[in-house]
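Novice: Just to be clear, the model below is a prediction. Sequence and coordinates:
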Amino acid sequence: EGKRHLGAVIGSVDFRREYSNEKVMSWCLEIEKLAEIAILEPQAAYSAYIHGEQHKFNYFLRTIPGMENYIDPLDVVINDQLLPAILGRTISKLDREIFQLPIRDGGLGIPILSSKAEVDFESSKRITTPLTNVIISQGKTLPPTEDVKEIRAERTKEISVMHNEEVKTLDEKLDNMQMRMIKQNREKGASSWLSVLPLREQGFALTKDEFRDCIALRYGDKISNLPSKCACGETFDVNHAMNCKKGGFVSIRHNNIRDFEANLLKKVCSDVEVEPKLQPVNNDEARLDVRARGFWRPAQSSFFDIRVTNVNAKSQVNLNNDRIFKKHEEEKKRKYNDRVLNNEHGSFTPLVFSTNGGMSRECVIYHKHLAEKIASKTGQSYERVMTWIRCKLSFVVMRSALLCLRGSRSVNVNVDCVDDFAFACDEARL
């Protein structure tokens, strides 16, 4: 009635059903075991699933027709056991719709397999149509590569349109605050920390509580075990934690990013200074965060000043991120731009970050130029350098946010830079 072929199965409907059910049951046992691991190591379990386990299913979704009819038990285990174990809480139907989105779109990159199966099989069927026709006609030459590329491009475009419609439909179900958090998660680099392997030597490993706190911050969920009152006397919540200067955590958050940027600049500029003094005006002792000679122009000093802002603070919650970033950039420029230009004969660039990893326009331009200079000097790929910088920055920002939130945690944040960006990206699966 049928047989296995290249790891999949061909044959009658009954044979395919029996084979598929057997496979799904074995996968369910694997996911149950992964859910047990996720209770103590949620980041490791999450990484194991998105980088390994789910790719195992994709082959069968593409090659076995009607797989959407057999895969439901696996979806149930993922929804009822794996995701609650990773997040430390139960999830709603709306949560599950959000989590199925790709990480870059604000989700967790854990698709609903029964919905994905039909689309994947149709894609595989369409793309292999030219080859199928050659086999049926017993042809002796492979189909033209251009034909396959054209079909693939057409199918990719169709899937993109379907995906955009799904995202639009989901966005309409979200309330204003949920939509605001999702938009922040969609900013370039804001979600990089989720898609990386938890490598301790690169500073990418999070503890159980850290990982779950990061997920809660990502979606604006309630965070458990927070004090009711801050040491400053105010009511303690996430917004207050990101703003309160008591204990010096806000300064530490700023300094972590400053030190990381300085370490990056030292890779391409020989004269880098942290907190350089400006020439005094009216006997003041103004300082900026970093000075690097020859960054924008040869021999010219480039000055950078960093600001980390809580975009969800009460004073900013009604503004979109672009307006918030522009406001802070203009404020920095009014304060320092003319002074640096006229007194220091240098250039000034404000670097504005949000507490969730987003960056202002000038900050994005700066990092692109920095990545180009590092890539040119080291002979490495610009894409790899840029990817690693974004990922490392997202970890520096998120760890600093956790420090503000919990306070009693270690203040040692890994801000070291690697030398081989390509190897670091490959090792971390970036």
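Specialist: Okay, I see it.

Novice: ok, how many other residues are close to the residue nearest to residue 276 when sequence neighbours are not counted?
Specialist: Once flanking residues are discounted, residue 276 sits nearest to residue 291: 4.0 Å by CB to CB, 6 or more residues apart in numbering. Every residue, glycine included, has its C-beta placed from N, CA and C. Residue 291 has 25 neighbours, counted by other CB atoms under 10 Å.

Novice: Over to residue 291: give its phi and psi.
Specialist: Residue 291 adopts backbone torsions of phi -120, psi 130, taken as degrees, to the nearest 10.

Novice: pLDDT score assigned to it?
Specialist: What the model reports for residue 291 is a pLDDT of 96.

Novice: in the sheet, who's paired with it?
Specialist: residue 273, residue 303 (DSSP bridges).

Novice: Surely it and residue 277 touch.
Specialist: No - checked against CB atoms under 8 Å, the pair residue 291 and residue 277 is beyond contact range at 9.6 Å.

Novice: burial count for residue 49?
Specialist: 23.

Novice: and it, how far is that from residue 221?
Specialist: 20 Å (CB to CB, to the nearest Å).

Novice: Over to residue 77?
Specialist: Going from residue 77 to residue 221 by CB to CB gives 23 Å.

Novice: ok, now residue 374?
Specialist: 37 Å.

Novice: out of those two, which sits in the busier spot?
Specialist: Per other CB under 10 Å, whichever of residue 374 and residue 221 has more neighbours is residue 374, with 22 against 17.

Novice: Identify the residues contacting the more buried one.
Specialist: Applying CB atoms under 8 Å, 6 or more residues apart in numbering, one finds that residue 374 lies in contact with 264, 267-268, 380, 385, 421.

Novice: Can I take it that it is in a helix?
Specialist: Yes - looking at residue 374 with DSSP: H, G, I helix; E, B strand; the rest coil, it is inside a helix.

Novice: Give me the secondary structure label for the closest residue to it other than its chain neighbours.
Specialist: Sequence neighbours aside, residue 385 is the residue nearest to residue 374 in space, at 5.0 Å (criterion: CB to CB, 6+ apart). Here residue 385 is helix, with the state taken from three-state DSSP.

Novice: Do you know the pLDDT at residue 385?
Specialist: For residue 385, the model assigns a pLDDT of 94.

Novice: Likewise for residue 413?
Specialist: 62.

Novice: again, but for the one 5 residues further on
Specialist: Predicted confidence (pLDDT) at residue 418: the value is 81.

Novice: Could you double-check that it lies in contact with residue 388?
Specialist: Yes - at 6.8 Å, residue 418 counts as touching residue 388 under the criterion of CB under 8 Å.

Novice: list residues touching both of the two?
Specialist: What both residue 418 and residue 388 touch, as defined by CB under 8 Å, 6+ apart, is the set residue 424.

Novice: okay, the two: which has more neighbours?
Specialist: residue 388 (26 against 17).

Novice: next SSE after the helix-or-strand element of the chain with minimal mean pLDDT?
Specialist: Using mean pLDDT, DSSP states H and E, the weakest-scoring helix or strand in the chain turns out to be strand 2-5, at a mean of 72. Downstream of strand 2-5, the next assigned helix or strand under DSSP states H and E is strand 8-11.

Novice: counting contacts, what elements does that following strand pack onto?
Specialist: strand 2-5, helix 13-40, helix 54-63 (3 or more CB pairs under 8 Å, 6 or more residues apart in numbering; DSSP states H and E).

Novice: mind listing what that strand pairs with, with the direction of each?
Specialist: Strand pairing for strand 8-11, using DSSP bridges, gives strand 2-5 (antiparallel).

Novice: Run through the strands of the stretch 201-350 of the chain in chain order.
Specialist: Assigned by DSSP state E, counting those that start in this stretch, the strands in the stretch 201-350 of the chain fall at 272-274, 290-293, 301-309, 347-354.

Novice: Out of the contacts of residue 374, which one has the weakest pLDDT?
Specialist: Comparing pLDDT over these, the lowest score belongs to residue 421 (82).

Novice: Tell me the spacing between that residue and residue 239.
Specialist: On the measure of CB to CB, residue 421 and residue 239 end up 36 Å apart.

Novice: Tell me which of those two has more neighbours.
Specialist: Taking neighbours as other CB under 10 Å, residue 421 and residue 239 compare with residue 421 leading, 25 against 15.

Novice: residue contacts, the more buried one?
Specialist: Residues in contact with residue 421 (CB under 8 Å, 6+ apart) are 374-375, 378, 380-381, 384-385, 388.

Novice: quick revisit: how about JSON lines for the contacts of residue 374, with distance to residue 39 added?
Specialist: Listed next are these as JSON lines, based on distance: CB to CB, whole Å:
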{"residue": "264", "distance to residue 39": "37"}
{"residue": "267", "distance to residue 39": "40"}
{"residue": "268", "distance to residue 39": "44"}
{"residue": "380", "distance to residue 39": "39"}
{"residue": "385", "distance to residue 39": "37"}
{"residue": "421", "distance to residue 39": "35"}
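
Novice: Closest one of those to residue 174?
Specialist: residue 385 (34.8 Å; CB to CB).

Novice: from memory that closest one sits against residue 375, does it?
Specialist: Yes - with contact defined as CB under 8 Å, residue 385 counts as touching residue 375 (4.9 Å).

Novice: Between these two, point out the one with more neighbours.
Specialist: residue 385 (26 against 18).

Novice: returning to that earlier point: same list, the helices and strands packed on strand 8-11, but as JSON lines with distance to residue 317 and mean neighbour count please.
Specialist: Shown next, in JSON lines, are the helices and strands packed on strand 8-11 (distance: least, CB to CB, whole Å; neighbours: other CB atoms under 10 Å):
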{"stretch": "strand 2-5", "distance to residue 317": "57", "mean neighbour count": "11"}
{"stretch": "helix 13-40", "distance to residue 317": "33", "mean neighbour count": "16"}
{"stretch": "helix 54-63", "distance to residue 317": "36", "mean neighbour count": "17"}
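
Novice: Done for today, thanks.
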